[in-house]
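Novice: please find the sequence and the predicted model below.
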Amino acid sequence: MKTRMFVLAAFVMAALFATACAPKVMTQTRFTNNTKVAKLLTRKDGETYSRYLQVCDVDASGAESNCKETMILDNINNAIAFN
(Lines give C-alpha, C1' and ligand atoms only; values in the text may rest on other atoms or scores of the structure.)
Protein backbone atom coordinates (compact mmCIF):
# COMPACT_ATOMS: atom_id res chain seq x y z
CA MET A 1 0.00 0.00 0.00
CA LYS A 2 2.82 2.43 0.88
CA THR A 3 4.59 1.66 -2.38
CA ARG A 4 1.42 2.36 -4.36
CA MET A 5 0.94 5.72 -2.62
CA PHE A 6 4.60 6.63 -3.22
CA VAL A 7 4.32 5.81 -6.94
CA LEU A 8 1.10 7.81 -7.22
CA ALA A 9 2.65 10.81 -5.43
CA ALA A 10 5.76 10.63 -7.64
CA PHE A 11 3.59 10.52 -10.76
CA VAL A 12 1.56 13.56 -9.66
CA MET A 13 4.71 15.55 -8.83
CA ALA A 14 6.29 14.67 -12.19
CA ALA A 15 3.15 15.77 -14.01
CA LEU A 16 3.08 19.08 -12.14
CA PHE A 17 6.74 19.84 -12.89
CA ALA A 18 6.39 18.87 -16.54
CA THR A 19 3.51 21.29 -17.13
CA ALA A 20 4.90 24.19 -15.10
CA CYS A 21 6.13 27.24 -17.01
CA ALA A 22 8.03 30.32 -15.96
CA PRO A 23 6.00 32.97 -14.11
CA LYS A 24 5.15 36.28 -15.73
CA VAL A 25 6.77 39.30 -14.06
CA MET A 26 5.25 42.78 -14.28
CA THR A 27 7.84 45.15 -15.71
CA GLN A 28 5.71 48.26 -16.23
CA THR A 29 2.23 49.52 -15.29
CA ARG A 30 0.28 52.61 -16.33
CA PHE A 31 -3.19 53.94 -15.74
CA THR A 32 -4.69 54.76 -19.13
CA ASN A 33 -7.63 56.64 -17.55
CA ASN A 34 -9.65 56.47 -14.32
CA THR A 35 -11.11 53.05 -15.14
CA LYS A 36 -8.31 51.12 -16.93
CA VAL A 37 -4.77 49.96 -16.14
CA ALA A 38 -2.27 48.54 -18.65
CA LYS A 39 0.58 46.25 -17.58
CA LEU A 40 3.59 44.99 -19.49
CA LEU A 41 4.49 41.47 -18.36
CA THR A 42 7.64 39.51 -19.18
CA ARG A 43 8.11 35.73 -19.00
CA LYS A 44 11.67 34.37 -19.27
CA ASP A 45 12.12 30.80 -20.53
CA GLY A 46 15.81 29.93 -20.35
CA GLU A 47 17.59 32.06 -22.96
CA THR A 48 14.43 33.54 -24.49
CA TYR A 49 11.64 35.73 -23.20
CA SER A 50 8.08 36.66 -24.16
CA ARG A 51 6.17 39.91 -23.56
CA TYR A 52 2.48 40.29 -22.80
CA LEU A 53 0.17 43.30 -22.53
CA GLN A 54 -2.58 43.02 -19.92
CA VAL A 55 -5.43 45.56 -19.72
CA CYS A 56 -7.77 45.52 -16.69
CA ASP A 57 -10.76 47.51 -15.48
CA VAL A 58 -10.16 49.33 -12.17
CA ASP A 59 -12.91 50.32 -9.74
CA ALA A 60 -12.88 53.25 -7.28
CA SER A 61 -11.14 51.16 -4.60
CA GLY A 62 -8.33 50.14 -6.98
CA ALA A 63 -9.45 46.53 -7.41
CA GLU A 64 -8.78 45.06 -10.86
CA SER A 65 -11.32 43.02 -12.79
CA ASN A 66 -12.13 41.88 -16.34
CA CYS A 67 -8.44 41.52 -17.30
CA LYS A 68 -7.55 40.70 -20.89
CA GLU A 69 -4.05 39.55 -21.88
CA THR A 70 -2.38 39.61 -25.31
CA MET A 71 1.03 38.22 -26.29
CA ILE A 72 2.98 40.91 -28.15
CA LEU A 73 6.42 39.24 -28.47
CA ASP A 74 7.21 35.53 -28.32
CA ASN A 75 10.50 33.64 -27.91
CA ILE A 76 12.83 36.62 -28.24
CA ASN A 77 16.48 35.62 -27.96
CA ASN A 78 18.39 37.85 -25.48
CA ALA A 79 21.66 37.61 -27.45
CA ILE A 80 20.01 38.95 -30.62
CA ALA A 81 17.75 41.53 -28.96
CA PHE A 82 20.38 43.24 -26.78
CA ASN A 83 23.61 42.98 -28.82
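Specialist: Done, it's in.
Novice: quote the end-to-end distance of stretch 28-39.
Specialist: Using C-alpha to C-alpha, to the nearest Å, the end-to-end distance of stretch 28-39 comes to 6 Å.
Novice: begin at 128 from now on, thanks
Specialist: Will do, 128 is the new start, and the previous item becomes stretch 155-166.
Novice: so for that stretch, what gets flagged as buried?
Specialist: Of the residues in stretch 155-166, 164, 166 count as buried by neighbour count, 16 or more other C-beta atoms under 10 Å. Where C-beta positions appear, they are placed from N, C-alpha and C, glycine not excepted.
Novice: distance of residue 202 relative to residue 175?
Specialist: Distance, residue 202 to residue 175, by C-beta to C-beta, to the nearest Å: 5 Å.
Novice: the more surrounded of those two?
Specialist: Taking neighbours as other C-beta atoms under 10 Å, residue 202 and residue 175 compare with residue 175 leading, 16 against 9.
Novice: wait, the more buried one touches residue 203, no?
Specialist: Yes: counting by C-beta atoms under 8 Å, residue 203 is a contact partner of residue 175 at 5.9 Å.
Novice: and the strands in the chain, which stretches?
Specialist: Shown for the chain, the strands assigned by DSSP state E span residues 151-160, 163-172, 175-185, 191-204.
Novice: mind showing which ranges of this protein have poor pLDDT?
Specialist: Within the chain, the stretches with pLDDT under 70 are 128-148, 206-210.
Novice: can you rerun that using 50?
Specialist: Applying pLDDT under 50 to the chain picks out residues 133-134, 139, 141-146, 210.
Novice: now the residue nearest to residue 186 when sequence neighbours are not counted: how far from residue 183?
Specialist: Of all residues beyond its chain neighbours, the one nearest residue 186 is residue 192 (7.0 Å), with distances taken as C-beta to C-beta, 6 or more residues apart in numbering. Residue 192 sits 7 Å away from residue 183, going by C-beta to C-beta.
Novice: more crowded one of those two?
Specialist: Higher neighbour count among residue 192 and residue 183: residue 183, with 17 against 8, using other C-beta under 10 Å.
Novice: just checking, the more buried one touches residue 164?
Specialist: Yes: in terms of C-beta under 8 Å, residue 183 counts as a neighbour of residue 164; the distance is 5.2 Å.
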